[in-house]
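Undergrad: Okay, sequence plus prediction incoming.
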Amino acid sequence: MSKNIVRFGIAVLVVIAVVLGYQIYQQTTVYQTPPIQNGTVPQTVGNQQASTQKGLTAEEKQALSFPGPNATEEEKKKHSDLVDELGNRVAGTLFLDITGCKPNPIVYRVKQGGSFKVKNSDSIDHTLSTDRKITIKANSEQTLTSKSIGDVLGNYGYGCAEISGGTVGIIQIIP
């Protein structure tokens with residue numbers, strides 16, 4: 001009888017470990033959903049940590065909350081228009097600063113096929129996560145190309161791999 005209790009206890013622990021492992025896996029793969037093609041937005045939705053949203057305007061918070069897979073075309077267009085508007089406000093920004101995993105600007109524009117600089121003034125590396133991962137070394141600047149983010153025009157939400165949560169910024173690839 002005591003062997004049955006031990007076996008039952010082990011079985012319960014295995015089930016708990018599998019469930020917790022799956023939940024951890026889901027949290028670490030939030031950024032790995034590839035963007036939808038042809039200029040629409042990635043399906044990275046919500047799950048934003050409050051610390052990454054401190055100091056953001058209501059519009060910026062709204063832009064970082066991509067519409068879900070069941071969003072209407074109107075909702076997707078409204079979101080895309082908001083991202084365009086935020087991108088227009090900072091057009092011509094020389095580099096994307098990701099210090100503290102709080103990007104400045106929130107929407108960074110780059111021409112398709114173009115290059116851009118990413119600056120990390122922190123004492124630790126930051127890894128930008130879209131469907132690809134790019135590590136920007138501590139206290140450095142790195143030049144990236146639009147192809148390192150995505151292959152087509154569109155809005156690419158990204159997060160920092162060091163921070164569990166959702167989208168912290170958007171790289172918008174434009175014609």
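TA: Structure's in. What do you need?

Undergrad: Distance of N88 relative to K61?
TA: 18 Å (CB to CB, to the nearest Å). Every C-beta, even on glycine, is put in place using the N, C-alpha and C of the backbone.

Undergrad: gap between the helix or strand containing E59 and the chain center?
TA: Per DSSP states H and E: E59 is located in helix 58-64. Here helix 58-64 is found 14 Å from its chain centre; the criterion is CA atoms, centre = their mean, to the nearest Å.

Undergrad: again with stretch 117-125
TA: 17 Å.

Undergrad: what's the weakest-modelled helix or strand in the protein?
TA: Ranked by mean pLDDT, DSSP states H and E, the helix or strand of the chain with the weakest confidence is helix 50-53, at a mean of 58.

Undergrad: what about the residue nearest to K133 when sequence neighbours are not counted, which SS state?
TA: Spatially, and ignoring its direct neighbours in sequence, K133 is nearest to T127 (5.3 Å; CB to CB, 6 or more residues apart in numbering). Recorded secondary structure, T127: strand (DSSP: H, G, I helix; E, B strand; the rest coil).

Undergrad: Neighbour count for N88 and K61, which is higher?
TA: More crowded of N88 and K61, by other CB atoms under 10 Å: K61, with 13 against 10.

Undergrad: Compute the distance between that one and I106, please.
TA: Relative to I106, and taking CB to CB, K61 is found at 9 Å.

Undergrad: Ok, I134 next?
TA: Taken as CB to CB, the span from I134 to I106 is 18 Å.

Undergrad: Then P175?
TA: 21 Å.

Undergrad: out of these two, which sits in the more crowded spot?
TA: The neighbour count for P175 versus I106, taken as other CB under 10 Å, is higher for I106 (23 against 7).

Undergrad: wait, the more buried one sits on E85?
TA: No - between I106 and E85 no contact is recorded; they are 11.6 Å apart, counting by CB atoms under 8 Å.

Undergrad: Report the contact partners of V90.
TA: 105, 107-109 (CB atoms under 8 Å, 6 or more residues apart in numbering).

Undergrad: and A71, how many neighbours?
TA: 16.

Undergrad: Quick check: which element contains it?
TA: Judged by DSSP H and E, A71 forms part of no helix or strand.

Undergrad: likewise the one 5 residues further on?
TA: Using DSSP H and E, K76 sits in helix 73-89.
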